[in-house]
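**Student:** I'd like to go over a predicted model; first the sequence, then the structure.
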Amino acid sequence: MVRKDGSQEPNCVSVASVAARILVIDHDPATRRLLAAALASVSTLPLEIFESERAEDGIASARGTSFGAAVVSFDRRALSANMEMVANLREAGIHGPIIATSSTGSVTAAVEAIRSGVNDFIVKPFQPKEFARRMLARMREYESHRVAIAQVPAHETDESFEGFIGASSAMKEVYAQIERVATSKAPVFVTGESGTGKEVCAEALHIRSRNHSGPFIALNCGAIPKELMESEIFGHVKGAFTSAHEDRAGAAELANGGTLFLDEICEMDFALQSKLLRFIQTGTFRRVGGTKEMKVNVRFVCATNRDPKEEVAVGRFREDLYYRLHVLPMHLPSLRERGDDILLLARTFLARFAEEEGRHFHGFDSEAEAALISYRWPGNVRQLQNVIRRVVVLHDGDLVTGAMLDLPTGNTHEAARDTGPLPRTDSPSIDPYWMQEQRIIEEALAAFDGNAQKAAAALEIAPSTIYRKLQSWSED
């Protein structure tokens, strides 16, 4: 392990010094030196770069030194080993951004990298300085959010709670409910509209739980093809199916000792629900194609934006699984129910994105504030975040105006709910939905030079949706 400046590790670690330490894990010493030099050259603050050839050494160093970020190479390692490395780095104390590099630039590799828990995936070869700028932007984004929360003790503010931002009575009730149920081992069932922060809620439950020292593993049941879902949950053995070239641990195994979060649980294939039920009841499972019974200790948190009772009534969700999971129900309020939280969130996002993009915004004019309050926000917090990001990217100035927000006029949420179905049309001039969807996503990717994160923000969808669509089109 090499420390760039050769100085001794200080006993007292400040927030700034932690943020300025970066761990680089790569088997190639030339790549490590190149990255270290590039990071040092583009940073306005002095950086301490720690280099490690082996993942084991890097993880060991992370347990003894506080790092603000890490760069890890996914070359020469199987997917299960990559996921284990990232999980171990998180467990060792690296809570800032982790950037993965790889000489494999396929869509599948990108999807698997994001699924492993990294914050960004960059394909080799790359321009060192461009990589360094991207890395530092991720660090600034994380640090501005973390410091805003960490510098103010929780008992002195009602505006934040374990990743949530809000001071409304509706959110205070959510905070109190999280504190009440977090220490229980019983499953939690979180409901709420899309974009209300169900995964943030799951992470808050994990942090406040007895299993907070274990891993937090999240799995989106709606983002994974149903034929791959069983393998994603339970893992598989080599040769279990055509593309199973090696043994692989699933989310259940990786979450041992911690929390398993199953997002969009109502999207799960009905046939797989019985296997999930058995796993929840017994704590045991088998990898796909395996014969060995494995036992783990996990806390279950699941979420859906649907009405689970209705899903049970129409036969899409097993009633016995519903009652097994629906032990401690929680409901997250929509953004339109949170009053002044809208402006509080908007100002937080504006400050964060303005710093990230190098803009000068510091607030909203009266017209913009009125527009933010009156709009119905059908996409909730996620939509608000994307709107503010778009404003910051496309404009600059001191105050955000109503024209910059460019919000739809009228009560679009109510209109969408009250209007009946559109009339059928047999016109041959209309392209099929799948063709229009593919064209829209490809045009968005082209507009942002292939950056799926920015394309997803512009389209107001999750990046995982773009990765999943690209993967399915490449397979077709």
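**Tutor:** Sure thing, it's come through. Numbers count the residues shown, from 1 in each chain.

**Student:** residue contacts, the nearest residue to residue 311 once chain neighbours are set aside?
**Tutor:** Among residues not flanking residue 311 along the chain, residue 317 sits closest, at 3.9 Å (C-beta to C-beta, 6 or more residues apart in numbering). All C-beta spots, glycine's among them, are computed from the backbone N, C-alpha and C. Residue 317 sits next to 265, 266, 270, 273, 308, 311 when contact means C-beta atoms under 8 Å, 6 or more residues apart in numbering.

**Student:** Now the buried members of the residues you listed.
**Tutor:** Buried members of the contacts of residue 317, counted by 16 or more other C-beta atoms under 10 Å: 265, 266, 273, 308, 311.

**Student:** need the helices for the stretch 101-250 of the chain, in chain order.
**Tutor:** 107-115, 128-150, 169-181, 198-207, 226-234 (DSSP state H, counting those that start in this stretch).

**Student:** ok so, going back, in TSV, list the buried ones among the contacts of residue 317 along with distance to residue 131, secondary structure and pLDDT.
**Tutor:** As requested, the buried ones among the contacts of residue 317 are arranged in TSV below (distance: C-beta to C-beta, whole Å; DSSP: H, G, I helix; E, B strand; the rest coil; pLDDT from 0 to 100):
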residue	distance to residue 131	secondary structure	pLDDT
265	37	helix	95
266	40	helix	93
273	43	helix	95
308	44	helix	93
311	44	helix	93
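
**Student:** Apart from its neighbours in sequence, what residue is nearest residue 385?
**Tutor:** In space, residue 385 is closest to residue 349, 5.3 Å off (C-beta to C-beta, 6+ apart).

**Student:** if I look at that neighbour, how far off is residue 381?
**Tutor:** 9 Å (C-beta to C-beta, to the nearest Å).

**Student:** And the two? Which one has more around it.
**Tutor:** residue 381 (25 against 21; other C-beta atoms under 10 Å).

**Student:** Is residue 73 in contact with residue 29, as I believe?
**Tutor:** No. Under the criterion of C-beta atoms under 8 Å, residue 73 makes no contact with residue 29, lying 11.8 Å away.

**Student:** More neighbours: the two, which one.
**Tutor:** Per other C-beta under 10 Å, whichever of residue 73 and residue 29 has more neighbours is residue 73, with 23 against 11.

**Student:** circling back to that earlier point, with respect to residue 219, which of the helices of the stretch 101-250 of the chain lies nearest?
**Tutor:** helix 226-234 (6.1 Å; C-beta to C-beta).

**Student:** Contacts for the next helix or strand after that closest one next, please.
**Tutor:** Going down the chain from helix 226-234, the next helix or strand is helix 251-254, by DSSP states H and E. Contact with helix 251-254 is made by 83-84, 87, 215, 217, 219, 232-235, 260, 279, 285, 294, 296, 298, as judged by C-beta under 8 Å, 6+ apart.

**Student:** chain center to helix 251-254: distance?
**Tutor:** 17 Å (C-alpha atoms, centre = their mean, to the nearest Å).

**Student:** next one: stretch 443-458
**Tutor:** 17 Å.

**Student:** Quick one: closest of the helices of the stretch 101-250 of the chain to residue 365.
**Tutor:** Proximity to residue 365 (C-beta to C-beta) singles out helix 128-150 among the helices of the stretch 101-250 of the chain, at 23.1 Å.

**Student:** rewinding a little: centre of the chain to the helix or strand the residue nearest to residue 385 falls within, how far?
**Tutor:** Residue 349 is part of helix 341-357, with elements assigned from DSSP H and E. Per C-alpha atoms, centre = their mean, the displacement of helix 341-357 from the mean C-alpha position of its chain is 18 Å.

**Student:** by contact count, what packs against that helix?
**Tutor:** helix 128-150, strand 164-165, strand 363-364, helix 366-374, helix 380-394 (3 or more C-beta pairs under 8 Å, 6 or more residues apart in numbering; DSSP states H and E).

**Student:** and with 10 Å instead?
**Tutor:** helix 128-150, strand 164-165, helix 169-181, strand 363-364, helix 366-374, helix 380-394, strand 399-400 (3 or more C-beta pairs under 10 Å, 6 or more residues apart in numbering; DSSP states H and E).

**Student:** could I get these as CSV with distance to residue 326 and mean pLDDT?
**Tutor:** Output for the helices and strands packed on helix 341-357, formatted as CSV (distance: least, C-beta to C-beta, whole Å; pLDDT from 0 to 100):
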stretch, distance to residue 326, mean pLDDT
helix 128-150, 31, 66
strand 164-165, 23, 92
helix 169-181, 13, 93
strand 363-364, 40, 94
helix 366-374, 34, 92
helix 380-394, 22, 92
strand 399-400, 42, 94
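
**Student:** just to revisit the earlier point, in CSV, list the C-alpha atoms belonging to the helix holding residue 349.
**Tutor:** The C-alpha coordinates for helix 341-357 follow below in CSV (Å, rounded to 0.1, in the frame of the first residue of the first chain):
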residue,chain,number,x,y,z
ASP,A,341,-41.4,20.6,1.8
ILE,A,342,-41.6,21.2,-2.0
LEU,A,343,-39.6,24.5,-1.7
LEU,A,344,-37.3,23.0,0.9
LEU,A,345,-36.4,20.1,-1.5
ALA,A,346,-36.2,22.4,-4.5
ARG,A,347,-33.7,24.7,-2.7
THR,A,348,-31.6,21.7,-1.6
PHE,A,349,-31.5,20.3,-5.1
LEU,A,350,-30.7,23.7,-6.6
ALA,A,351,-27.7,24.2,-4.3
ARG,A,352,-26.4,20.7,-4.9
PHE,A,353,-26.7,20.8,-8.7
ALA,A,354,-25.5,24.4,-9.0
GLU,A,355,-22.3,23.4,-7.3
GLU,A,356,-21.9,20.3,-9.3
GLU,A,357,-22.5,22.1,-12.7
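
**Student:** Show me which positions of it end up buried.
**Tutor:** Buried-residue list, helix 341-357, by 16+ other C-beta under 10 Å: 341-342, 344-356.

**Student:** Now render the helices and strands packed on helix 341-357 as TSV, adding distance to residue 69.
**Tutor:** Formatted as TSV, those follow (distance: least, C-beta to C-beta, whole Å):
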stretch	distance to residue 69
helix 128-150	5
strand 164-165	23
helix 169-181	28
strand 363-364	30
helix 366-374	33
helix 380-394	21
strand 399-400	30
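
**Student:** Residue 195 is nearest to which of the ones you listed?
**Tutor:** Here helix 380-394 is closest among the helices and strands packed on helix 341-357 (C-beta to C-beta), at 3.4 Å.

**Student:** residues of the closest one that come out buried?
**Tutor:** Buried, per 16+ other C-beta under 10 Å, within helix 380-394: 380-393.
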